[in-house]
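S.K.: Sharing a model that was predicted from the sequence below.
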Amino acid sequence: MQSTRSIRWIVAGLMLISVVALAWQQLGMNVGVRIDAATHWSLTASDDKPSGGASEATLSREGQTLVLHCKLAAGAPTAYCGLDAEIGKANRGSDLSRFDRIAAHFSAQGASTPQVTLRISSQRRDEGAGLRPNELPLGAGGAIEAPLAALQVPQAWLDAQKLDATRRAADVSSASQVQLLLSGTPGDYTLTLDYLELRGKAFSLGEVAFAVVGLWMLAGLAYLVFDLRVLRRQLVAVQERDARLKELNTALQIETSSNDKAPRRDPLTGVRNRVGMRDDLLREFERARSEKTPLSVVCCDIDHLSTINEAHGQPLGDEVLVAFAQSIARRVRSTDLVVRWADDEFFLFCPDTSYESGLALAEKLRSIVMSHDWPKHLGVTASFGVATLTDEPIADCLARADAALFNAKQNGRNRVEGLVRNR
């Protein structure tokens, strides 16, 4: 039952972790790369002079914004000015593939309606030494948000590199530079940037789901290992109990196959017989051994019962037997086991009873028997033998109690003798 409750708590905990992880992935785990006036990235202004143009660009910080001043001039194939952020080396860029959205807030004004394009340049080792441009037109300004997958490689660049159109999909796994490129007709322009941000999750939904599944599998594996160990312990416990049951059956001189339908009570005296006390006695023996608690055994019988039978007849002898058994049964605890062993011999099994307490109990019962009002004013007495279970087979303890009873008879009867185990 305790194991079942533990499993329920573990399953509930795993379910809670799973729900929290998946919800956190959807509602949290947000990460981003932000370019603004406070960014730590290296920011520069660029223009078309390297390609033969005459445009001029300057970059300044004005409060919380970045301002790109641009004088576009004819001369280059495409006149432009750029706001550049270096985010990695050309041969070892930053992996931006975990981001899935682009957000920006900017405005651009000038001699005509300008066109602002986002370019993220990355290195593809299978495409030569040049940087691969991944571009997305953003228009003339405003609040922009778009999926990162909207980036594409310009066809002109693919043609120049002699690459087919299948390479147009964006690849930002090794990005080294993020640019905002301003283009238009010749004239003066201004690009004011509040922020440009790449947004995504620290872990993708697939990664979180994989981790959750892995956690459940690990828990399942741990449970199987734990369950296997429990089953092994249970098997060992069952085998040990079977061995102890066989040992007890041998000590009680009863058949191993004795079933639940066999009589449990002695029909004459009403106390238990050997079959009726076997299971309880096995339990008490196991508890005494596992919990290291004392269990005393008292063996007793009526002195000269055969003489009573011969002098007064079997019916009176049976009446004495019944009175003797009931007298003892009324004077012991409910946890003590009273058993008719054979003829006039009885055994008492007393859990949580030390050797000294067993001797005291036997002496008390001896006095009760001697002072009892017997039929025909008979002077009935009894002899008692006491032993206490140690780390030994059950049969040895029973044999020691029986030997103590034999000593009591040999030493004059109507007395209590005890035997301790020789170490």
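M.R.: Perfect, I can see it now. Numbering: from 1, shown residues only.

S.K.: Quick one: the strands in the stretch 151-300 of the chain, in order.
M.R.: Secondary structure of the stretch 151-300 of the chain by DSSP state E, counting those that start in this stretch: the strands cover 175-183, 187-201, 295-302.

S.K.: tell me what the lowest-mean-pLDDT helix or strand in the chain is packed against?
M.R.: Lowest mean confidence among the helices and strands of the chain (mean pLDDT, DSSP states H and E): helix 205-252, at a mean of 80. Contacts defined by 3 or more C-beta pairs under 8 Å, 6 or more residues apart in numbering; DSSP states H and E place helix 205-252 against helix 2-27, helix 274-291, helix 394-410. Every C-beta, even on glycine, is put in place using the N, C-alpha and C of the backbone.

S.K.: Next, format the ones you listed as CSV and append mean pLDDT.
M.R.: Output for the helices and strands packed on helix 205-252, formatted as CSV (pLDDT from 0 to 100):
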stretch, mean pLDDT
helix 2-27, 83
helix 274-291, 83
helix 394-410, 93
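
S.K.: The stretch 251-400 of the chain: helices as residue ranges?
M.R.: All helices of the stretch 251-400 of the chain, identified by DSSP state H, counting those that start in this stretch, fall at 274-291, 305-312, 314-331, 355-371, 394-410.

S.K.: Output those in CSV; the columns should cover distance to R5.
M.R.: Below are these laid out as CSV (distance: least, C-beta to C-beta, whole Å):
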stretch, distance to R5
helix 274-291, 23
helix 305-312, 55
helix 314-331, 40
helix 355-371, 38
helix 394-410, 35
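
S.K.: okay, those, which one's buried deepest?
M.R.: A comparison of the helices of the stretch 251-400 of the chain by mean neighbour count, using mean count of other C-beta atoms under 10 Å, puts helix 394-410 on top with a mean of 19.

S.K.: quick one: contacts of the following helix or strand past that one?
M.R.: The C-terminal neighbour of helix 394-410 among helices and strands, as given by DSSP states H and E, is strand 416-418. Contact with strand 416-418 is made by 355, 358-359, 362-363, 366, 383-387, 404-405, 407-408, 411, as judged by C-beta atoms under 8 Å, 6 or more residues apart in numbering.

S.K.: mind listing what strand 416-418 pairs with, with the direction of each?
M.R.: Applying DSSP bridges, strand 416-418 is found paired with strand 382-388 (parallel).

S.K.: Quick check: buried residues in the strand it pairs with?
M.R.: For strand 382-388, the neighbour count (16 or more other C-beta atoms under 10 Å) marks 382-388 as buried.

S.K.: how about JSON lines for those residues, with pLDDT and distance to V332 added?
M.R.: Shown next, in JSON lines, are the buried residues of strand 382-388 (pLDDT from 0 to 100; distance: C-beta to C-beta, whole Å):
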{"residue": "A382", "pLDDT": "97", "distance to V332": "14"}
{"residue": "S383", "pLDDT": "97", "distance to V332": "17"}
{"residue": "F384", "pLDDT": "98", "distance to V332": "13"}
{"residue": "G385", "pLDDT": "97", "distance to V332": "16"}
{"residue": "V386", "pLDDT": "97", "distance to V332": "14"}
{"residue": "A387", "pLDDT": "96", "distance to V332": "17"}
{"residue": "T388", "pLDDT": "95", "distance to V332": "16"}
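
S.K.: List just the nearest of those to Y80.
M.R.: T388 (102.2 Å; C-beta to C-beta).

S.K.: ok so, going back, among the strands of the stretch 151-300 of the chain, which is the most enclosed?
M.R.: strand 295-302 (a mean of 25).

S.K.: what sits against the nearest residue to Y355 once chain neighbours are set aside?
M.R.: In this structure, Y355 finds its nearest non-sequential neighbour in T388, 4.1 Å apart by C-beta to C-beta, 6 or more residues apart in numbering. Shown in contact with T388 (C-beta under 8 Å, 6+ apart): 294-297, 353-355, 358, 397, 420.

S.K.: picking up where we left off before, and of the helices and strands packed on helix 205-252, who's closest to I308?
M.R.: Taking C-beta to C-beta, helix 394-410 is the member of those nearest to I308, at 16.0 Å.

S.K.: Low-confidence regions, the chain specifically.
M.R.: Within the chain, the set of residues satisfying pLDDT under 70 comprises 1-3, 89-91, 124-129, 237, 240-245, 247-261, 423.

S.K.: let's see it at 80
M.R.: Scanning the chain with the threshold set as pLDDT under 80 gives 1-7, 76, 88-93, 123-130, 165, 234, 236-263, 276-277, 422-423.

S.K.: And it, what are its domain boundaries?
M.R.: According to automatic domain parsing, the chain comprises the domains 2-24+207-238, 30-201, 262-418.

S.K.: one step back: dump the buried residues of strand 382-388 to CSV, plus distance to K201.
M.R.: Listed next are these as CSV, based on distance: C-beta to C-beta, whole Å:
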residue, distance to K201
A382, 86
S383, 87
F384, 82
G385, 81
V386, 77
A387, 75
T388, 71
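
S.K.: just these now: which is nearest G184?
M.R.: Nearest to G184, judged by C-beta to C-beta, of the buried residues of strand 382-388 is T388 at 106.5 Å.
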